[in-house]
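> I would like to see how this sequence folds:
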Amino acid sequence: MGKATTSRAGTKGVARPERERQIVDIAGRVFAEHGYAGTSLTAVAEQAGISKPLIYNYFGSKEGLFSACLTCAGEVLVEVIERTARLGLVGQQRVIVTLDQFYAALEPRPWMWRVFRDPTMPATPEITAQHDQYARRMHAVGVEGVRELLHLAGNDDPLDASAMTAAWVNVFDALVNWWIDHPGESRADMTARTIRLSGAVFGPMESAPPTGAALD
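Coordinates of the predicted model:
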C-alpha cells in the first residue's frame, strides 16, 4: 500500500473549504498514528504548517477536528459498502468486490480506517451518535449480504445468519487491519490475496469477480 503524499495546509490564498480538507487529511494521519487520546492539536498544527488558533477557528476544538475526520472517513467507507451492494453480486463475488473497493478507497488515505476504528475516540453523545450511524449502515449491508449467501445455500435460519454475520464482520476487520499494518502491500496485492484466501476456504469461483479498473 503506497504511502500518501504529505501536504501542508498553510499555503496563503487557499480557499477555506480546500484548506479545511487539507487539515482534515493531515489530522486524520496524526489521529491514526497516535489515536485520539495521544494526539495534540500542537502536533497537528506543526504537521499542517498552520497555527493552533486556526484549528480552533475552523473546528472549534480537538473533538471538533476529530469529528470532521470521522465524517470524512464514515462518508467514504459507507458509500463504498452501499455502492458495491447495489451491483447485485452475491456470494464470494460480492465478498471479493466489496473488499477490493474498500482497499481502493483506503489506499490513498489509510488513516480513515484507523480513525473509524479508534478505540480512544471521545465517548461523547455527539461522537458516539456520529460513529454509530455509519456503523449501523455498514452493518446493515453486511447482514443483507450474509443472508443472500446463506439463502443460496438453502439456509434461511436467522440464528445461522446472525452467527455468520458476526464471523464475516471479524474476517472483514481482520483483513483490512492486516493490510493497513503492511503498507508495502498494494490494493492489487491485497485483492489477489483475498481471492486466494477465499478460494482456499470456499473453493474456486466459477468466474472471476470484476475488480480493479473494471469497477473504478
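
> State the phi and psi torsions of Gln92.
phi -60, psi -40 (degrees, to the nearest 10).

> wait, it sits on Pro209?
Yes - if you go by CB atoms under 8 Å, Gln92 and Pro209 touch, sitting 7.4 Å apart. The way it works is simple: take the backbone N, C-alpha and C, and place the C-beta from them, glycine included.

> higher neighbour count, these two?
When neighbours are counted by other CB atoms under 10 Å, Gln92 and Pro209 differ, and Pro209 comes out ahead with 24 against 20.

> There's contact between the more buried one and Gln101 in this structure, I believe.
No - using CB under 8 Å as the test, Pro209 is too far from Gln101 to be in contact (10.7 Å).

> Excluding covalently adjacent residues, which one is nearest to Leu149?
Gly91 (5.3 Å; CB to CB, 6 or more residues apart in numbering).

> residues contacting that neighbour?
148-149, 152 (CB atoms under 8 Å, 6 or more residues apart in numbering).

> Quick check on the residues you listed: which are buried?
With burial judged by 16 or more other CB atoms under 10 Å, the buried subset of the contacts of Gly91 is 148-149.

> residues near Arg136, how many?
Other residues near Arg136 number 10, with proximity taken as other CB under 10 Å.

> quick check: longest helix of this structure.
helix 125-152 (DSSP state H).

> Please point out which parts of it sit buried.
Buried, per 16+ other CB under 10 Å, within helix 125-152: 127, 130-131, 134, 137-138, 141-143, 145-150.

> Would you mind identifying the next helix or strand past that helix?
Per DSSP states H and E, the first helix or strand lying C-terminal to helix 125-152 is helix 158-180.

> got the buried residues for that next one?
Under 16+ other CB under 10 Å, the buried positions of helix 158-180 are 161, 164-165, 168, 172, 175-176, 179-180.

> which strands and helices sit next to that helix?
helix 91-106, helix 111-116, helix 125-152, helix 187-202 (3 or more CB pairs under 8 Å, 6 or more residues apart in numbering; DSSP states H and E).

> And the first one, how far out from the chain middle?
In this view, helix 91-106 has its centroid 12 Å away from the chain centroid, taken as CA atoms, centre = their mean, to the nearest Å.

> pLDDT on that helix, on average?
Helix 91-106 carries an average pLDDT of 93.

> Ok, the longest one next?
Average pLDDT, helix 125-152: 95.

> That one to helix 158-180, inter-axis angle?
120 degrees (axes from the mean of the first three to the mean of the last three CA atoms, to 10 degrees).

> Residues contacting stretch 106-115, please?
By CB under 8 Å, 6+ apart, stretch 106-115 touches 1-2, 4, 25, 28-29, 31-33, 66, 69-70, 72-73, 76-77, 105, 121, 176-177, 179-180, 183, 186-187.

> Nearest residue to the middle of the chain?
By CA atoms, centre = their mean, the chain has its centre lying nearest to Trp113, at 4.0 Å.

> distance of that residue from Gly91?
Here the criterion is CB to CB, to the nearest Å. By it, Trp113 lies 25 Å from Gly91.

> if we can go back for a sec, just the ones of the contacts of stretch 106-115 in helices?
Among the contacts of stretch 106-115, the members falling in helices (DSSP H) are 25, 28-29, 31-33, 66, 69-70, 72-73, 76-77, 105, 176-177, 179-180, 187.

> among those residues, which ones are buried?
For these, a burial check counting by 16+ other CB under 10 Å picks out 25, 28-29, 31-32, 66, 69-70, 72-73, 76-77, 105, 176, 179-180, 187.
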